[in-house]
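Trainee: Turn this into a structure:
(4 chains, ligands or ions: 2)
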Amino acid sequence: MRAVSKAAGYKATVTVTLKPSILDPQGEAIGHALQNMGVKGIKSVRIGKHIELEIEGGEEKVLRAKLEEISKELLSNPVMENFHLDLQAGG
Amino acid sequence: MRAVSKAAGYKATVTVTLKPSILDPQGEAIGHALQNMGVKGIKSVRIGKHIELEIEGGEEKVLRAKLEEISKELLSNPVMENFHLDLQAGG
Amino acid sequence: MKAKEFALTLGLSAGEYDQIEKGMGREPNENEIGMFSVMWSEHCSYKNTRRELRKFPTTGPAVLVKAGEENAGVVDAGDGLALAYKIESHNHPSAVEPFQGAATGVGGILRDIFTMGARPVAFMDSLRFGRPEAKGDDGKRTRSLIKGVVSGISHYGNCVGVPTIGGELVFDQAYDGNPLVNVFCLGTLRHDQIRRGAAKGVGNPVFYVGAKTGRDGLAGAAFASRDLTEESKADRPAVQVGDPFVGKLLFEACLELYARPDLVVGVQDMGAAGLTCSTCETASRGGSGIEIELDLVPQRETGMTPYEILLSESQERMLIIVHKGREAELKEIFARWGLDAAEIGTVTETGRVVVKEGGKVVADVPARILADDAPVYEREAKVPAKLAERQKLDLRKILPAKPKVREDLLKLATSPATGSRRWVWNQYDHMVGLRTVVRPGGDAAVLRVEKPGGGWVHVAMTLDGNGRWCAQDPREGSKALVAEACRNLACAGAVPLGLTDNLNYGNPHDPEIFWTLREGVEGMAEACRFFDLPVTGGNVSLYNQSPAGPIHPTPVVGVVGKVEEGVRLVPGILGKGGGVVLLLGTQESGGLGASLYLQEIHGVLAGKLGKVNLKAEKELHQLMRSVLKLKGVRAVHDVGEGGILWALAEMTFGEESGGAEVEIPCGSNERPEEALFGEGAGRILLEVDEEAVTGIEGLAKEAGVGCYRLGKTGGDIFVIRCGVVKEKWAGKELKDLFHNSLPKVLE
Amino acid sequence: MRFAVVQFPGSNCDQDCVHALQILGQEARLVWHQETKINPEEAVILPGGFSYGDYLRCGAIARFSPIMAAVKVAAERGQVVVGICNGFQILCEAGLLPGALTRNEGLHFRCETAPIRVETPTTRFTSAYVTGQILQIPIAHGEGCYRASPDVLQELEARQRILFRYCNPEGEVVAEANPNGSSHAIAGICNARGNVLGMMPHPERCCEPEMGGVDGRGILLGAAGVGRSL
Ligand SMILES: Nc1ncnc2c1ncn2[C@@H]1O[C@H](COP(=O)(O)OP(=O)(O)O)[C@@H](O)[C@H]1O
Ligand SMILES: [Mg+2]
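Mentor: Ligands and ions are numbered 1, 2, ... in the order given. From the prediction side, this is the model:
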């Protein structure tokens, strides 16, 4: 088990979304556009980032910690965004 | 079952990613930044969009078809992007 | 919590609370305390600085709307044309979220301008950060702040289609952790289009237009009125997000609305303190009252409390009062632009701002108390203990025995502090609108503006600040700023019409900081009076300090002027060659006190500026404008930071520019470095045709201004002689360093 | 020629286009995006700006504006349609031109005068110029990096549908002179029929000496059908 998670690569997906009370101008514009296009019932549209990383080898625990850090420091702005990290072996 | 899926709302997530053949300069810039931060083993970084929609009521099948259409026509550009739709009742 | 305790947690003082209770005649409720906390914050009330601001000259034949009357001042540019302009800071928001902080700063100043009835036609930005080349985390943070702020301005400005045509970018450790982001906007209008922010006519409907209200930037005005500390980060929900798309629609819709005859009574943007500020200010100006119902306010989020709605700083919103019976016209226009427009209340005769929620009164405050009765403080002022020490300068201890001018200039060319700012203004659309006649990169930007009756007026503008000068001598430093700004305009042949200022300082409760501010204001006021330059408005940003200490005292001025008839605009860079280099002004350099040279090359901030000779400056500017009407002037550049050598070098940095060979006068008891890099005296460099020299000399003689022939242009080497110094640089050597220094550290 | 300059919410070069056309002696009217009619004798301009904030993707929302159906019909009828900057992005999103415009490779918005080289003088839009002529035309965009599938690129090359390429001041097409990383250094292309032009540079910004040059005149006059008169 350990050998596997070390040798193979990883695939990480970081999803960055705006905090609930932060305005999302993009989402608003798309919501309006959908309305104008006749799509009914859209209550809200929010746009976030979907970031896929492929990573070679390494220890899963260490890597996860590193990715958490990166997600907070570089990939998202904690002032206004939340992130969700999903890490999978075998990328 | 049907009653439920009709009455309650839906939550849809559309993930838009760049086609593999399309260059992603933003992803590359982040890859470089990660390298500079001393993160090892990053093979690739690709940036996509994560779009969350909250939708009121409606028939699931009809809604899904509509969302597929929107994803293809508006939310993604088939020249350079792929999308993945995930629709869940009970938004 | 008791009312008073709550007031204290919002930053009001005990004395202020007592004054509120007395004015109200009862204990204020939570909503009312919230309203007072923002309206009586420094940001909205200028309680610590109002006495100082009164020292500025504010009147003059060209002034159409005075400082303090409305959202922005307005001056007459002749032929029925008027100019509205103002500067505003967004320092604290940009420190916390550089991209959105800067973007919303642009959005905010934009609203101030179109609120006046003007079409916004240009932005400028004045930016100050720590050193981007610093090692470790400091440098990293600074670089990301710079990139964030520049892209935030670019994002908002480009999207609304208003060109950003100039500004400044300064790197100094003094701004580490507390960047300065000041944004200026200019708008144009006809005299008869000036709009007022007054609520008049009892029974007239009050409209809310623009974006919906959310919990954005709750109490941002109060936030801007405190020191930046670690705790500021806990204030993070205060981040506001700008929507330039809606910003653009909003100003187009408003301009369309204003164009309808006799429709609009009053307009006020919702900036700091949002709905609270706009209702009480319009009521106070109109000598009336306003009653609104919060349930009618368009809301983006559910479950917002009255407190939140009243204090929200959501962007892209305006309050508009129209004549009763004309509601449908407003609604039609805003619907066409796809914007919310809700009638939320009416003008009353009570003199009170009454806020209801579901028909129930949740706040009821006399408008005047809220808007105009904020306390005014006379803060304690004390000469900084270390000032005299800092002003000492012993060049013998600093300069090497033998001048190293060749290395010095190479170092200057390499430093990001002095490098080309193209990296910045390339990211700004500086051409949209087809008005930009002189693009960024020169002394002053020039716009052509259509006259009401057809034809163009050329308007020149510049932003200038200098924390180093003001740190070393607050009074002379701010005088020098005004002189420099006017000199920049003179290089574009323009007569200054008006000035707007942004006073960026630290905590005013510190007597040394307050003294510095007062000196700065008085110096600026004196210079303005001398140049017949009315101060038509501005902004004060205090509490600019981080745990490392306060920023340099940094007043920033924006000066707007009109290019004189008959002036030919010339570039700031040399052509291919064959011209004569002239110096207008004085042969004196003003010395190295507080100079960029000492700081960049020797790492020393010491000494002070020479005394500013306002009379000589004024004569020089007049001469410059006359010279620009002659034939044969090829290039003009004023001598500023870095002194005459740096100014000459900059002239050779044009893509096509050739070199020059010049001799710079060196006084007998002066070090060549002083002559070459001293930046304390007002001077202007020219490249002219040989045939033009006599004419210029004649004009200079008449004006009593010095005119000296320094050498000639051509070749591709830059050669200088000054006393014992003789040096040369290959043209490309300096040019490449200059153009690459900024991208190199930032990319 | 009479021009219809379309105004989307967020367009900001619409007035500039009208001004430039008028300077060149052409008639121009603004057409609001909610209108549905383009007259059969009109040439259409989709101007620069940030239609719908350029949110999501540049031009993505604008293409659904009511006026775009009429623009499509006009293009099919053979009327002239010119998309400048944001207009080019909209034309690609709408499928009136192939490919897509993506984020500049350097990731920054860029505003500067960028030399472009005329590749194909045989179209109406370039009839004022000769092959290899270098034009100084301002660019101002953050997403001008042209991308298309290899087939499309090949077709554009083979049919000489690439009208302009970014080049250095000497007219050489080199990587350093490519401001956004566009494939094949593409600055402007036309459709197969030759009546639809999309370009990132702004010809309307250089029709008067005071604005820094007049190299854009030929393109607008070309659109008006009088390019050769220059
Ligand atoms: N430094 C200053 N010098 C002169 N006038 C100033 C200064 N600072 C602010 N003012 C004037 O005081 C008034 C209130 O300004 P301000 O509160 O900044 O407006 P806003 O509500 O748009 O932020 C304005 O007319 C402004 O021009
Ligand atoms: Mg205001």
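Trainee: Would you mind measuring from residue C:481 to ligand 1?
Mentor: Between residue C:481 and ligand 1 the distance, using C-beta to the nearest ligand atom, to the nearest Å, works out to 13 Å. From N, CA and C alone the C-beta is placed, and that goes for glycine too.
Trainee: From residue C:504, how far out is that residue?
Mentor: According to C-beta to C-beta, to the nearest Å, residue C:481 stands 12 Å off from residue C:504.
Trainee: okay, these two: which has more neighbours?
Mentor: When neighbours are counted by other C-beta atoms under 10 Å in any protein chain shown, residue C:504 comes out ahead of the other of residue C:481 and residue C:504, with 30 against 27.
Trainee: What are the boundaries of the strands in chain D?
Mentor: Counting by DSSP state E, one finds strands in chain D at the ranges D:2-7, D:27-32, D:43-46, D:81-84, D:100-102, D:110-118, D:134-141, D:145-147, D:162-166, D:186-190, D:196-199.
Trainee: Sorry, wrong one. I was asking about chain A.
Mentor: If you assign secondary structure with DSSP E, the strands in chain A sit at A:10-18, A:42-55, A:81-89.
Trainee: what's the closest of the ones you listed to residue C:67?
Mentor: Within the strands of chain A, the stretch nearest residue C:67 is strand A:10-18; the backing value is 38.7 Å (C-beta to C-beta).
Trainee: What is the distance between the closest one and the centre of its chain?
Mentor: Taking the mean C-alpha point of strand A:10-18 and that of its whole chain, the gap between them comes to 3 Å (C-alpha atoms, centre = their mean, to the nearest Å).
Trainee: Run the angle between it and strand B:42-55 for me.
Mentor: Strand A:10-18 runs at 40 degrees relative to strand B:42-55, counting by axes from the mean of the first three to the mean of the last three C-alpha atoms, to 10 degrees.
Trainee: Contacts (any at all) between chain B and strand A:10-18?
Mentor: Yes: counting by C-beta under 8 Å from any C-beta of the partner chain, chain B has neighbours in strand A:10-18: A:15-17.
Trainee: most neighbours, which of the residues you listed?
Mentor: residue A:15 (21 neighbours).
Trainee: Make sure that residue is actually in contact with residue A:48.
Mentor: Yes: between residue A:15 and residue A:48 there is a contact at 6.0 Å, judged by C-beta atoms under 8 Å.
Trainee: pLDDT on whichever strand or helix holds residue C:424, on average?
Mentor: Here residue C:424 sits within helix C:422-425, counting by DSSP states H and E. If you average the pLDDT over helix C:422-425, you get 97.
Trainee: Would you mind listing the outside residues contacting that helix?
Mentor: Among residues not part of helix C:422-425, those counted as contacts by C-beta atoms under 8 Å, 6 or more residues apart in numbering or on different chains are C:127, C:150, C:164, C:166-167, C:169, C:439-441, C:739, C:742-743, C:746, D:111.
Trainee: likewise stretch A:66-75?
Mentor: By C-beta under 8 Å, 6+ apart, the list of residues contacting stretch A:66-75 from outside reads A:12, A:14, A:16, A:49, A:51, A:53, A:78, A:83, A:85, A:87, B:30, B:33-34, B:37, B:39.
Trainee: list residues touching both of residue C:481 and residue C:504?
Mentor: For the pair residue C:481 and residue C:504, residues contacting each of them under the criterion C-beta under 8 Å, 6+ apart are C:465, C:555-556.
Trainee: now, which of the residues you listed sits nearest ligand 2?
Mentor: Using C-beta to the ion, residue C:556 is the member of the shared contacts of residue C:481 and residue C:504 that lies nearest ligand 2, at 18.1 Å.
Trainee: Would you list the strands that the strand or helix carrying the closest one pairs with, along with their directions?
Mentor: Counting by DSSP H and E, the element that carries residue C:556 is strand C:554-563. Strand C:554-563 has the following sheet partners, assigned by DSSP bridges: strand C:456-465 (antiparallel), strand C:494-504 (antiparallel).
Trainee: and the ones you listed, which is most packed in?
Mentor: Comparing these by mean neighbour count (mean count of other C-beta atoms under 10 Å in any protein chain shown), strand C:494-504 comes out on top with a mean of 27.
Trainee: Spell out which parts of chain D neighbour chain B.
Mentor: Applying the criterion C-beta under 8 Å from any C-beta, the portion of chain D that neighbours chain B consists of D:56-57, D:60-61, D:64, D:92-93, D:98-100, D:102-107, D:145, D:147-149, D:181.
Trainee: Just the buried subset of these, written out for ChimeraX, thanks.
Mentor: Filtering the residues of chain D next to chain B down to the buried ones (16 or more other C-beta atoms under 10 Å in any protein chain shown) takes a single ChimeraX command:
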select /D:56,57,60,61,64,92,93,98,99,100,102,103,104,105,106,145,147,148,149,181
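Trainee: Show me what the lengthiest helix in chain C is packed up against.
Mentor: Looking across chain C with DSSP state H, the single longest helix is helix C:136-160. For helix C:136-160, the helices and strands in contact under the criterion 3 or more C-beta pairs under 8 Å, 6 or more residues apart in numbering or on different chains; DSSP states H and E are helix C:91-96, helix C:98-115, strand C:119-129, strand C:164-171, helix C:244-259, helix C:731-746.
Trainee: Make JSON lines from these and add distance to residue C:394, mean neighbour count and mean pLDDT to it.
Mentor: Written out in JSON lines, the entries for the helices and strands packed on helix C:136-160 read as follows (distance: least, C-beta to C-beta, whole Å; neighbours: other C-beta atoms under 10 Å in any protein chain shown; pLDDT from 0 to 100):
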{"stretch": "helix C:91-96", "distance to residue C:394": "35", "mean neighbour count": "24", "mean pLDDT": "93"}
{"stretch": "helix C:98-115", "distance to residue C:394": "40", "mean neighbour count": "28", "mean pLDDT": "96"}
{"stretch": "strand C:119-129", "distance to residue C:394": "29", "mean neighbour count": "25", "mean pLDDT": "98"}
{"stretch": "strand C:164-171", "distance to residue C:394": "26", "mean neighbour count": "25", "mean pLDDT": "98"}
{"stretch": "helix C:244-259", "distance to residue C:394": "52", "mean neighbour count": "23", "mean pLDDT": "97"}
{"stretch": "helix C:731-746", "distance to residue C:394": "30", "mean neighbour count": "18", "mean pLDDT": "94"}
